[in-house]
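Undergrad: I would like the atomic coordinates for the input below:
(one chain, ligands or ions: 2)
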Amino acid sequence: MKRLKAPLCQAEQTVLQCSTRDKSLCVFFFFFFRDERNQSIIVSGESGAGKTVSAKYAMRYFATVSGTTSEANVEQKVLASNPIMEAIGNAKTTRNDNSSRFGKYIEIGFDTRFRIIGANMRTYLLEKSRVVFQADEERNYHIFYQLCASSHLPEYEKLKLSSAIDFLYTKQGRSPVIEGVDDTKELCSTRNAFTLLGINESYQMGLFQVLAAILHLGNVEIKDRDSDSSIIPPNNRHLSAFCELVGVTYQDMSQWLCHRKLKTATETYVKTLPRLMATNARDALAKHIYAKLFNWIVEHVNKALITNIKQHSFIGVLDIYGYVCLCGLSSQSDVTHFL
Ligand SMILES: Nc1ncnc2c1ncn2[C@@H]1O[C@H](COP(=O)(O)OP(=O)(O)OP(=O)(O)O)[C@@H](O)[C@H]1O
Ligand SMILES: [Mg+2]
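TA: Ligands and ions are numbered 1, 2, ... in the order given. Take a look at the predicted model:
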């Protein structure tokens, strides 16, 4: 307890001095100090209620009131995870221009002197369907529009991108622009955050290549050969761009988008796919690639936030994804299903 005396006095002072707006976070932090127990905040509410804004506010508050450790920029790194996750996991919907389409639980670690030493994030239920389809007036994930808006810059030339209205996966909602948002500037912020978290220029370009490849894949038009089979005409420029960006051969891709392999105990068959099934397979591949890329980024953000210092306690912040208010859930199974 002796060890805690100074921070405890400091916390009491903070509670007394803080503004009305910060009062609840102050009190929360005071009990966290006093009880020396891990705590979590669950932010719930319908879409647009302000969950993400509140979660970020709480993270900024903890970063401000906790002291600094020898770990360089650790608080800044924890906060830098926000623009990255919003670029790849948030999108414009009819309810919210920056709607989170995944759930996020972040544990902020503290040392014995209640200074931030690192963090760890878990994500849930990424809305993969958005990668290939958006309802009217909605958008795909922000990162796609950031790349399209920056496509005229020489450094992105090799991505072979153009305006978001040129790609099926970014134009279906017929609302490629968010009022008051400059997607080119947003890409700079996303990149700065990547750099701060140690994801260097070459990795960033690798990520952008995969994202551009997804947009090109969506523009690969699959045609009927007959009622049971389909074909991608040779020299499709979008399939060529996809293959170049991800390093596969045109022949393999055009073959395996329009065929499937069936294995039995004794034999292997190759069957043709009708156009609709081949198109669904193309979309399934796009969603799968995006989900893998999303997980890769989460993993690398976590690697950048990991620490060797022994963790004394943590504060968890859960930014729930969805429309349901927790108080509206009637049973434990509802909660389990929702989370
Ligand atoms: N405390 C606040 N002060 C000012 N504006 C706010 C505040 N909280 C939310 N907003 C406004 O509401 C918008 C939606 O907030 P936010 O993105 O946090 O909602 P959400 O609950 O996370 O929604 P979703 O479930 O769709 O992700 C913000 O972009 C911002 O414009
Ligand atoms: Mg949100």
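
Undergrad: and the lengthiest helix in the chain, what does it pack onto?
TA: Using DSSP state H to define each element, the chain has its longest helix at helix 275-305. The contact analysis (3 or more CB pairs under 8 Å, 6 or more residues apart in numbering; DSSP states H and E) places helix 275-305 against helix 74-89, strand 116-124, helix 201-218, strand 229-231, helix 250-257. Every residue, glycine included, has its C-beta placed from N, CA and C.

Undergrad: Export these to a markdown table and append columns for distance to ligand 1, mean neighbour count and mean pLDDT.
TA: As requested, the helices and strands packed on helix 275-305 are exported to a markdown table (distance: least, CB to the nearest ligand atom, whole Å; neighbours: other CB atoms under 10 Å; pLDDT from 0 to 100):
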| stretch | distance to ligand 1 | mean neighbour count | mean pLDDT |
| --- | --- | --- | --- |
| helix 74-89 | 9 | 22 | 96 |
| strand 116-124 | 13 | 21 | 95 |
| helix 201-218 | 21 | 19 | 98 |
| strand 229-231 | 37 | 18 | 97 |
| helix 250-257 | 34 | 16 | 97 |
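
Undergrad: farthest residue from the center of this protein?
TA: residue 266 (42.8 Å; CA atoms, centre = their mean).

Undergrad: which of the residues in the longest helix of the chain are buried?
TA: Neighbour-count burial for helix 275-305, counted by 16 or more other CB atoms under 10 Å, picks out 275, 277-279, 281-283, 285-287, 289-290, 293-294, 297-298, 300-302, 304-305.

Undergrad: How far off centre is it?
TA: 11 Å (CA atoms, centre = their mean, to the nearest Å).

Undergrad: Paired strands for the helix or strand following it, with orientation please.
TA: The helix or strand immediately downstream of helix 275-305 is strand 313-319, counting by DSSP states H and E. Paired strands of strand 313-319, with direction, are strand 39-43 (parallel), strand 103-110 (antiparallel) (DSSP bridges).

Undergrad: So which of these is nearest residue 167?
TA: For the strands paired with strand 313-319, proximity to residue 167 was assessed by CB to CB; strand 103-110 is nearest, at 27.1 Å.

Undergrad: That closest one near ligand 2 anywhere?
TA: No: judged by CB under 5 Å from the ion, strand 103-110 makes no contact with ligand 2; its nearest approach is 8.6 Å.

Undergrad: pLDDT (mean, whole number) over that strand?
TA: Averaged across strand 103-110, the pLDDT comes to 96.

Undergrad: Including distance to residue 145, could the helices and strands packed on helix 275-305 go into TSV?
TA: Converted to TSV, those look like this (distance: least, CB to CB, whole Å):
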stretch	distance to residue 145
helix 74-89	10
strand 116-124	21
helix 201-218	10
strand 229-231	30
helix 250-257	26
